[in-house]
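Trainee: fold the stuff below for me.
(one chain, ligands or ions: 1)
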Amino acid sequence: MDQNKIAYWVKRWDDNNTGWHRSEAHINLVQYFDKLTNGKANVAVYFPMCGKTLDMMWVYEQGHSVVGVDIAEKSVKEFFAENRVEYEVTESKTNKLYQSKDGKIKIYIADIFKFTSDICGKFESVWDRAAMNALDAEDRKRYRECTKGLLAPDFSILLALMQHDEPTGPPYNIPTEEVMEAFSDMCDVTVLTVREDIGLSLGPKKMKETTLLLRPKK
Ligand SMILES: C[S@@+](CC[C@H](N)C(=O)[O-])C[C@H]1O[C@@H](n2cnc3c(N)ncnc32)[C@H](O)[C@@H]1O
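Mentor: Okay, here's the model as predicted:
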C-alpha cells in the first residue's frame, strides 16, 4: 500500500479517530459463527485489517485461535492492553508479531498486501468487517487477490459489508454485486442478512450492512 495511505491510518489511530470501533462483538459474527467454522473446534480465524476489534476476543473466548493483521501498531498494543491479555513480541524482516502467551492470538503489524501464506499458512475461516470497506476500488482488487491466496480448500468467509449512497470513503460503498462478481471465479456467495441502518457515525448519514457468506464454488 502506498505510504500516504498507511500514514492516513496510522494518524487516525494516533488521533483516536476510530469511530468504526465497536464495544461488543459483532451481532452477525455471533449469529453466523457456525457457518464460519463449519462447526469445527479449534479453528484459526483470520481477521484482515483487524484494528482492535473485540470480535477477536470473542472468537478467542470460544476456544478458537485468532490471526489478525493491521498496519497500525497502536491498535495492537491497545488490543492487548484493554483486554488484559499478556503478550510477547517478535520481529522478522517483513513483520512484527504480537502474540498472547498461549499462542492463540497472533496479531501481525504488517501491510495486508504483503501478508502471504508463507507467514502464517492458509485459513479456513475469514471474518472481514470494515476491512474491504476501508479500501478504494483499486486496492480492493489487490485485496481480493491477496485474500484468495490465503484460503485453504474448504474455506468460509463471512463478510459484513457497509453500504451507503455517498461517493466518498472510507468507508467506501461496496454493492453486493461487486463482491459476487469479483469472487465468482472461486466462490458461491450467499446473502445471510441485511440490516437497514447500523447507526454508526462514520461519515455517511445512513449505512446499511449486508452480511455475506462466501464458500468454495461447487
Ligand atoms: C475501518 S478499520 C476496521 C478495523 C476492524 N476490522 C474493526 O472492525 O474494528 C480499518 C483498519 O485497517 C487498517 N489498515 C489500513 N490499511 C491497511 C493495510 N494496508 N494493511 C493492514 N492494515 C491496514 C487500519 O489501521 C484500521 O485499523
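
Trainee: pull the number of nearby residues for residue 84.
Mentor: Residue 84 is flanked by 6 other residues according to other CB atoms under 10 Å. For the C-beta atoms, the positions are set from N, CA and C on the backbone; glycine is no exception.

Trainee: host element of it?
Mentor: Using DSSP states H and E, residue 84 maps to neither a helix nor a strand.

Trainee: residue 152 too?
Mentor: Assigned by DSSP H and E, residue 152 belongs to strand 151-163.

Trainee: which of the residues in the very next helix or strand once past that strand are buried?
Mentor: Counting by DSSP H and E, the next helix or strand C-terminal to strand 151-163 is helix 176-182. For helix 176-182, a neighbour-count test (16 or more other CB atoms under 10 Å) marks 179-180, 182 as buried.

Trainee: among the residues you listed, which one lies nearest to residue 113?
Mentor: Nearest to residue 113 among the buried residues of helix 176-182, counting by CB to CB, is residue 182 at 16.1 Å.

Trainee: which residues touch the closest residue to residue 42 other than its chain neighbours?
Mentor: Using CB to CB, 6 or more residues apart in numbering and skipping residues adjacent in sequence, the residue nearest residue 42 is residue 64, 6.2 Å away. Counting by CB atoms under 8 Å, 6 or more residues apart in numbering, residue 64 touches 37, 41-45, 104.

Trainee: please state the backbone phi and psi of residue 64?
Mentor: Backbone geometry at residue 64, expressed as degrees, to the nearest 10, gives phi -100, psi 180.

Trainee: so how far is residue 57 from it?
Mentor: Applying CB to CB, to the nearest Å, the value for residue 64 to residue 57 is 11 Å.

Trainee: contacting residues around the residue nearest to residue 96 when sequence neighbours are not counted?
Mentor: Nearest non-adjacent residue to residue 96, counting by CB to CB, 6+ apart: residue 109, 4.3 Å away. Applying CB under 8 Å, 6+ apart to residue 109 gives the contacts 70-73, 76, 95-98.

Trainee: buried subset of those?
Mentor: Members of the contacts of residue 109 classed as buried by 16+ other CB under 10 Å are 70-72, 76, 95, 97-98.

Trainee: ok, the nearest residue to residue 178 once chain neighbours are set aside - how many residues close by?
Mentor: Nearest residue to residue 178, sequence neighbours excluded (CB to CB, 6+ apart): residue 140, at 7.9 Å. The number of residues packed near residue 140 is 19, by other CB under 10 Å.

Trainee: these two touch, right, residue 140 and residue 131?
Mentor: No. Using CB atoms under 8 Å, residue 140 is not in contact with residue 131; the gap is 9.9 Å.

Trainee: can you give me the pLDDT of residue 190?
Mentor: According to the prediction, residue 190 has pLDDT 97.

Trainee: quick check: bridge partners of it?
Mentor: With DSSP bridges as the criterion, residue 190 is bridged to residue 213.

Trainee: which residues does it contact?
Mentor: Contacts of residue 190 (CB under 8 Å, 6+ apart): 212-215.

Trainee: what is whichever strand or helix holds residue 89 packed up against?
Mentor: Applying DSSP H and E as the criterion places residue 89 in strand 87-91. Under the contact definition 3 or more CB pairs under 8 Å, 6 or more residues apart in numbering; DSSP states H and E, strand 87-91 sits against strand 96-100.
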